[in-house]
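J.: Next come a sequence and a model predicted from it.
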Amino acid sequence: MSTELWYALVGVVLVAVSFGAFMAHTHLFRRLLAFNIMGTGCFLILVGLAQHERAPDPIPQALVLTGIVVAVASTALALILLRRWFAATGRTTLPEEDDA
Amino acid sequence: MNRRRVFTSVALSVGLAVMLGGAVLTRTVPPFDLAVDLAKGIPQSGVTHPITAVLLQFRSYDTLLEIAVLLVAVVVALALRDPQGAHSAAPESVMVDSVITTPVLASLTLMLLPLMIMTAVYLLWAGAFQPGGAFQAGAVLAALGILWRVSGRRIGPFATNRWQHVALLSGFAAFLAAATSTLLFGRPLLAWPFSYAGLIIVAIETVLTVSIGISLLGLFASAPEPVDKRA
């Protein structure tokens, strides 16, 4: 097993674990954290798998760099939305259908 | 959190791990090697570093849209600012909770100011031939801005300062202008002539650095105050 394949498999584990955490928790901040870790797992799979048994590939690296910037911007926006939501409603979770 | 929710989450998580892991392990090897094709194209790109060549030459459309996403995020963040906080108190009091008034941070920020600007300029310059570029340099500038703000210094009210709006918009506007200017000469979108490609890439990266730094700082600075302190 090459190091790159190992990275991709670690990415798979990160995506799966954070997917489970995303569904198990209802607190929006925990969900945001889980979503970020899921994104990191995707980046690992993208870069690791493309370079498995090959030379370093700048194309997925550039795509991941773009993805990181977008992830940072969307995380910041989500945090702002979260604070506004908490200020407006006093809740840290979204209303669920089966709550009623 | 109830037991059924946990059970469902764990079951689906394990299922996803098995499916994804299987897909990774049994993947088919693509018949072409993009890295080799890219290496052949580098001499035509105007820069020598492959990642910069991909970001601003071969896949520059992605980067253009990425800057647009960043701009949209900042615009939404500015639109969502707390109307009470913006009007009732002085604009400088926004984020007053996160100001740390220690002399260590204040003097350290002053010492870091020239170093971080130098680092940003170096990263920008290095992007043409080694790891570096507009995003890394912009991130350093944003970190400097956040340090500056957290240490209690004035940057000015973010939304009311016209120059900050210009700086926010400049990156995307310059990139879009450069992208569409090729159409005037009958070339496809973003297809820069080879003789000017290096110059255009460096110019765009320079504008993008400032714009990305201001955008990230804007996202930080336009965050609403923590609620529990107000109550």
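T.: Looks like it came in fine.
J.: Show residues contacting the helix or strand containing A:L9.
T.: Following DSSP states H and E, one finds A:L9 within helix A:3-24. Residues outside helix A:3-24 that contact it (Cβ atoms under 8 Å, 6 or more residues apart in numbering or on different chains) are A:30-31, A:33-35, A:37-38, A:40-49, A:51-53, B:1, B:5-6, B:8-10, B:12-14, B:16-17, B:20-21, B:24-25. (Glycine included, C-beta is placed from N, CA and C.)
J.: got the angle between the helix or strand hosting A:R30 and helix A:3-24?
T.: Per DSSP H and E, A:R30 falls inside helix A:28-50. For helix A:28-50 against helix A:3-24, the angle by axes from the mean of the first three to the mean of the last three Cα atoms, to 10 degrees is 160 degrees.
J.: Please point out which parts of stretch B:135-154 sit buried.
T.: B:135-149, B:151-152 (16 or more other Cβ atoms under 10 Å in any protein chain shown).
J.: hang on, the earlier thing: the helix holding A:R30: which residues count as buried?
T.: Counting neighbours by 16+ other Cβ under 10 Å, helix A:28-50 gives A:28, A:31-50 as buried.
J.: show me the contacts for residue 60.
T.: You didn't say which chain, so I picked chain A. Taking Cβ under 8 Å, 6+ apart as the criterion, A:P60 is in contact with A:46-47, A:50-51.
J.: right idea, wrong chain: chain B
T.: Going by Cβ under 8 Å, 6+ apart, the list of residues near B:S60 reads B:179, B:190.
J.: which sections of the chain are below the confidence cut-off?
T.: This is for chain A. For chain A, the stretches with pLDDT under 70 are A:98-100.
J.: please go with chain B instead
T.: In chain B (pLDDT under 70), the answer is B:1, B:82-98, B:154-161, B:226-231.
J.: ok and the residue in it nearest chain A?
T.: Closest residue of chain B to chain A, Cβ to the nearest Cβ: B:S13 (2.9 Å).
J.: burial count for that residue?
T.: Neighbourhood size, B:S13 [other Cβ atoms under 10 Å in any protein chain shown]: 21.
J.: now it: how far from A:G20?
T.: Separation of B:S13 from A:G20 (Cβ to Cβ, to the nearest Å): 3 Å.
J.: B:I100 now?
T.: B:I100 is 37 Å from A:G20, by Cβ to Cβ.
J.: which of the two has more neighbours?
T.: For B:I100 versus A:G20, neighbours defined as other Cβ under 10 Å are more numerous around A:G20 (22 against 11).
J.: so where does B:L141 fall, helix or strand?
T.: helix B:134-150.
J.: counting contacts, what elements does the following helix or strand past that helix pack onto?
T.: The C-terminal neighbour of helix B:134-150 among helices and strands, as given by DSSP H and E, is helix B:162-184. Counting contacts by 3 or more Cβ pairs under 8 Å, 6 or more residues apart in numbering or on different chains; DSSP states H and E, helix B:162-184 is packed against helix B:60-79, helix B:194-221.
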